[in-house]
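In: Fold the following, please.
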Amino acid sequence: MDESAASEITFADLELFVSFAECEHFGRTAADLGVSVATVQRGVRALERKLGIALVEQAGRQVRMLNAGRVLVREAQAVLRARLDAVDTTRAEAGRPQRLLRIAHTYSLGLGFVPDVLAELLQEQAGLRFHCRQSSANEVVATLLRGESDVAFTSVSPTEADLVVEPLFTENVLLAVPVDDPLAERDEVSLREVADRPFISMELGASSRTHMVNACARAGFVPRFAIEVSDLFVVEAMVGAGIGVSVVPEGMNDHRHPRVARIRIHDPDWAGRTIFLAYQRVIGQHPTVQALARIARTRGRDRGSARGSAGRASGC
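Out: Sure thing, here's the model as predicted:
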């Protein structure tokens, strides 16, 4: 590819292709970007023509990324990130705050904790913009390691040396049952009471699944999975439909599901799961990241204290 061809490739071309690469689906990309499917298809094909190479291939009814496409995504993310860094650095040198902060968080934390942290940050630094992405705990950490997010709220503590990791608070896990289940009237329950029931689970590798398996192991049994899904809200939808029970993070209490009751699990050996804030060490000195970390620490302490007091009051 000569320099004239390279000059034809725009930031918009790269942004569209990076968005497409997240799901490898023209329809979902179009919905995410608010454009037509034809626009996404034309954008990908136009980029291939400018580069002179194929980036994707048709595999039956699916579109699959070729290796060249994966390389382009990796390099495009670096280019797009460099553009944002250039803008943010310039603004910071001029005394203006970073304008965009990319946040990755787990499903339950997006119900109350993360929105509260961001709302307080906006009160201090008006004009900030956020791009929030929710996923499983392991995937949240992966986005941070890939450079796709600046800050992560997760229940998995990464160990990479270039990351700063801070514990924020500890929460329990709860048994989720249909609202018409006999157990729904109870204040607390032993998991042994549902050992023979089918369980709804997140996919293998999700931290919520790990916490479920560990909780069941402490109760003396291995859960029998009826359905495995990739979304914690779908887990509760399946529970609400009466298909099975599940174990969910206490943070799900920030959202009321009309068909699901969540019950404290009585287990004196259970120490809870810890929620962490993680971010790249290189951006840790940025005033916006420092402010966010300070707010998250304070709210984490408040959340942990409130739940600890509630547990002592109830005799947990």
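In: What ranges in the stretch 151-300 of the chain fall below the confidence cut-off?
Out: For the stretch 151-300 of the chain, the stretches with pLDDT under 70 are 268-271.
In: Now do the helices in it.
Out: Taking DSSP state H, counting those that start in this stretch as the test, the helices found in the stretch 151-300 of the chain are 207-218, 232-240, 287-314.
In: Now do stretch 122-131, average pLDDT.
Out: For stretch 122-131, the mean pLDDT works out to 88.
In: returning to that earlier point: point out the most buried one among the helices of the stretch 151-300 of the chain.
Out: Stretch with highest mean neighbour count among the helices of the stretch 151-300 of the chain: helix 232-240 (a mean of 21; mean count of other Cβ atoms under 10 Å). In this view, the C-beta of every residue, glycine as well, is placed from N, C-alpha and C.
In: What lies in contact with that one?
Out: Applying Cβ atoms under 8 Å, 6 or more residues apart in numbering, the external contacts of helix 232-240 come out as 106-108, 176-179, 200-202, 208, 227, 229, 244-246, 248-249, 252, 257-260.
In: residues contacting Val165?
Out: Contacts for Val165 (Cβ under 8 Å, 6+ apart) come out as 157-158, 276-278.
In: do you know how far it is from Ser201?
Out: If you measure Val165 against Ser201 using Cβ to Cβ, to the nearest Å, the figure is 27 Å.
In: Walk me through the domains of this protein.
Out: Per automatic domain parsing, the structural domains of the chain span 3-75, 97-170+273-314, 173-265.
In: could I get these as JSON lines with distance to Val87?
Out: As requested, the domains of the chain are exported to JSON lines (distance: least, Cβ to Cβ, whole Å):
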{"stretch": "domain 3-75", "distance to Val87": "12"}
{"stretch": "domain 97-170+273-314", "distance to Val87": "7"}
{"stretch": "domain 173-265", "distance to Val87": "33"}
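In: of the ones you listed, which approaches Arg81 most closely?
Out: For the domains of the chain, the distance to Arg81 is smallest for domain 97-170+273-314, at 5.9 Å, taking Cβ to Cβ.
In: Relative to Ile265, how far out is Asn214?
Out: For Asn214 relative to Ile265 (Cβ to Cβ), the value is 11 Å.
In: quick revisit: looking at the helices of the stretch 151-300 of the chain, spot the one closest to Thr90.
Out: Closest approach to Thr90 among the helices of the stretch 151-300 of the chain is made by helix 287-314 (14.4 Å; Cβ to Cβ).
In: Brilliant, that's me finished.
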